[in-house]
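*Asks:* I would like to see how this sequence folds:
(chains A and B)
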Amino acid sequence: MRSISELPRHPTEIYVIGSGRSLQYIRKDFWKNKITIGINGIYKYYPIMYGITQHTSLIQEMIDDGVIAISPEFDMGLYSRPREKIIGEYYVFKHFNNLLYDFSEKHKGYLDIDLSDFDNPETLVVGGITTSAIHLAYRMGATSIILAGIDGGDLDGKRNQDGYPPVIATAYMHTYEMQPQIDLICNEVRKRGVGVYSLNPFNNFRLEGHKYEPSKMLGAKEKQKNDSIYLHENRYDEPKEMFKFVAAHAFNGDFAGSVCDFGCASGEFLYYINQIAPSATLHGVDCSKPLLDKAIKYVPSAQFKNGSVLDNHLLPDDQFDTTFMSGLLCMLTDFKTCFNNLIKWTKPGGSMYITEMFNPYPVDVLVTYKESVDFDYDRNWNIFSQQTISDFLKKNKKVKSFAFKRFTIPIDLPRPDDHNRSWTICEDNGLRSITNGVGVIQYFYLLEIKL
Amino acid sequence: MIQNIEILRGSEKGKDIYVIGSGRSIDYIPDTFWEGKVVIGVNSVPNRVPCKYLISHHYFVLQPFIDSGKSIVVTSHAEMGIMDSTAEDWVKPTWYNEVLTGDYYVYRHLNQQFTRIDLSVFDTPGYLVTGGSIITTALHFAYFLGASSILCAGVDGGTLDGEINYAGYTPETPNQHPSNVSHQLKKMANAIRGRGIPVVSINPFINFTLEIHIFKANPDLEIM
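*Replies:* Residues are numbered from 1 along each chain as shown, chains lettered A, B, ... in the order given. I've put the predicted structure just below:
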């Protein structure tokens, strides 16, 4: 057993090879004379140089098959699982306790990775093994790291190359959850001047007619899932009916004041405001940096801030003439801090427009939910009652008036394949209501608050 | 001196060869990536990426590259690949002696038809296949040089974040290529793959989701 610090350095391109479907389309000849790190059982299919795995049985197989095997010090990276005896030489790395595989009530569904020991020559970052493999490539001196078969989704409806078996029988497949970890480790490597690219088996992004479907980020936290939706959606020139409804109430023609959209995501609403009120000074706040990066591209005239609406110190008081927030409140349990901050950041005499599900009945519905393949009920789909919100607003002296205005969508939304997206159903009174895979009827209102 | 391209056949045998187009994705690959690599750039790409070889059928872009000597210049027997009666005999060309001076290589080709490629001369000495885009010919040239693998970059087939070319690119012609180029590329790539050489591409992003970037394919015309 040797330390990874003893591994040779390869100051050249290093390929990190996963088991994604795209590998199916790369001829084996391609890998000749290349420095390759294969993940888990992929070495059985391609002539790779180094194999990395967290699974004890695979280490032994790699050694027996003549592959240079690399593994965390503990089985599955878990301190509670000392490594069983391995016959033959292999390389180990030190690591933090890999809670990804701790299925206890306390940690199940754990997805974070700890980058604080990134530069220690004997350690690798742990999480999904791809994360460690990318770090290993960096550690071995790669001038560039090229990912192959790390697809982040399905190609022609398939996740892996033909014949590739799951490495271990687990109650769930976690492949798709790993993308945020991969993004993090790649960015950490890039910060240190090493480029990270991907090998596309086709001649360009058109994929020679093959169909790619990005992962739905199963099991990822709600915000990550929403990030994925908005990052890959592009509706800037097809504004949602809700946008039109809100803007019609907020603006009467052009508007020369300052506007902020809290939870602006990829800036689609700001983009729309920019069309109908080009004199407005635009601002956007969101806690997702990738979404803001996209928003900046599409609404370059706006100023964006990365942060949470629950952060009291995020902005100075009395900043904006008009503030918007849409579809964010339902994710929060602490509605009071959110409202207090929005009121604080809006100028006296200004207006606030909050689009959300507000229960017309005097019942606050606090919903937590999960995808069936997840462990943790850690996402919210909360519906506060109009009564509760009204009682709260009446106590705030800065609030001059407020009103709830029902939003009824004027078009049918067909039921989409993705149950996280909304569709319409018809009520007895002929109005359309909105629902989604959570199975709750969504009574959407525009809450207009005058200060 | 004008030389027959046949002299270059197999001169990069066993190496990975990169074929670089002018697509926007090039801007996301640092220059250091290309160090030590065998790179074929098309048209003005050597202005953006250091290229060992330059291939173009636009004569007007070539002279500065021939003069600088930084790239080995390869061009078509007939300008734009369009043959006429005086250009049939490549040994005695009448046009490029007057237009281009210095050292460069010339390939023969069939009369270039921009909406289709004719693979019948794929294995004919001294010939490269032409089509609606010089990229098609560049792929063949990479094979001709003896590549063990061919890796495309900047051959995007559409726009990235609304931009079709790398920043600062000056188009050789005011018109866009015929939009069935993607089918021609696929046909050429498959011809090379069928001869045992992988043809892949470099994606500067983490995977097909392209991180935060938006790719939009060029519209297709009739598939030829």
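
*Asks:* nearest spatial neighbour of B:Q184, skipping sequence neighbours?
*Replies:* Nearest residue to B:Q184, sequence neighbours excluded (CB to CB, 6 or more residues apart in numbering or on different chains): B:G131, at 4.4 Å. All C-beta atoms are positioned from the backbone trio N, CA, C, and that covers glycine.

*Asks:* can you give me the strands for chain B?
*Replies:* For chain B, the strands defined by DSSP state E cover B:2-4, B:16-20, B:38-42, B:53-56, B:72-76, B:104-107, B:149-153, B:158-160, B:199-203, B:215-217.

*Asks:* Let me have the ones you listed in CSV, extended by mean pLDDT, distance to A:L447 and mean neighbour count.
*Replies:* Listed next are these as CSV, based on pLDDT from 0 to 100; distance: least, CB to CB, whole Å; neighbours: other CB atoms under 10 Å in any protein chain shown:
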stretch, mean pLDDT, distance to A:L447, mean neighbour count
strand B:2-4, 90, 77, 14
strand B:16-20, 97, 54, 26
strand B:38-42, 97, 57, 25
strand B:53-56, 95, 62, 26
strand B:72-76, 93, 67, 24
strand B:104-107, 92, 70, 22
strand B:149-153, 97, 51, 25
strand B:158-160, 88, 40, 20
strand B:199-203, 95, 44, 25
strand B:215-217, 86, 37, 17
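
*Asks:* Would you convert these into CSV that also reports distance to chain A?
*Replies:* Shown next, in CSV, are the strands of chain B (distance: least, CB to the nearest CB, whole Å):
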stretch, distance to chain A
strand B:2-4, 28
strand B:16-20, 8
strand B:38-42, 14
strand B:53-56, 16
strand B:72-76, 20
strand B:104-107, 21
strand B:149-153, 5
strand B:158-160, 6
strand B:199-203, 4
strand B:215-217, 5
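
*Asks:* Export these to TSV and append columns for distance to A:G20.
*Replies:* Below are those laid out as TSV (distance: least, CB to CB, whole Å):
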stretch	distance to A:G20
strand B:2-4	44
strand B:16-20	21
strand B:38-42	27
strand B:53-56	32
strand B:72-76	36
strand B:104-107	38
strand B:149-153	18
strand B:158-160	22
strand B:199-203	13
strand B:215-217	18
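
*Asks:* Nearest to A:N420, out of these?
*Replies:* Closest to A:N420 of those is strand B:215-217 (CB to CB; 23.2 Å).

*Asks:* what about residue 78, neighbour count?
*Replies:* Just going to use chain A. When neighbours are counted by other CB atoms under 10 Å in any protein chain shown, A:L78 registers 20.

*Asks:* hm, I was asking about chain B
*Replies:* B:A78, neighbours per other CB under 10 Å, totals 24.

*Asks:* ditto for A:F358
*Replies:* The number of residues near A:F358, taken as other CB under 10 Å, comes to 24.

*Asks:* Let me see the contact set for it.
*Replies:* Taking CB atoms under 8 Å, 6 or more residues apart in numbering or on different chains, we find A:F358 in contact with A:383-386, A:389, A:404, A:443, A:445, A:447.

*Asks:* which of those residues tops the neighbour count?
*Replies:* A:I389 (24 neighbours).

*Asks:* what about that one, which SS state?
*Replies:* Put simply, A:I389 is helix when judged by DSSP: H, G, I helix; E, B strand; the rest coil.

*Asks:* Please apply the same query to A:N312.
*Replies:* Per three-state DSSP, A:N312 ends up coil.

*Asks:* ok now do it, which residues does it touch?
*Replies:* By CB under 8 Å, 6+ apart, the neighbours of A:N312 are A:337, A:341, A:344.

*Asks:* Assumed A:A137 was part of a helix.
*Replies:* Yes: secondary structure of A:A137 (three-state DSSP): part of a helix.

*Asks:* Surely A:R2 and A:I86 touch.
*Replies:* No: counting by CB atoms under 8 Å, A:R2 stays clear of A:I86, with 11.8 Å between them.

*Asks:* Comparing the two, which shows the higher neighbour count?
*Replies:* Set side by side, A:R2 and A:I86 show more neighbours around A:I86, with 17 against 11, by other CB under 10 Å.

*Asks:* Now do stretch B:161-170: distance to the chain's middle.
*Replies:* 17 Å (CA atoms, centre = their mean, to the nearest Å).

*Asks:* same thing with stretch A:343-352?
*Replies:* Relative to its parent chain, stretch A:343-352 has a centroid offset of 31 Å by CA atoms, centre = their mean.

*Asks:* any idea of the mean pLDDT for it?
*Replies:* When pLDDT is averaged over stretch A:343-352, the result is 96.

*Asks:* Likewise for stretch A:440-451?
*Replies:* The model assigns stretch A:440-451 a mean pLDDT of 91.

*Asks:* need the residues of the stretch 201-350 of chain A near chain B, please.
*Replies:* A:201-209, A:212, A:214, A:231-232, A:234, A:290, A:293-294, A:297 (CB under 8 Å from any CB of the partner chain).

*Asks:* Great, nothing more from me.
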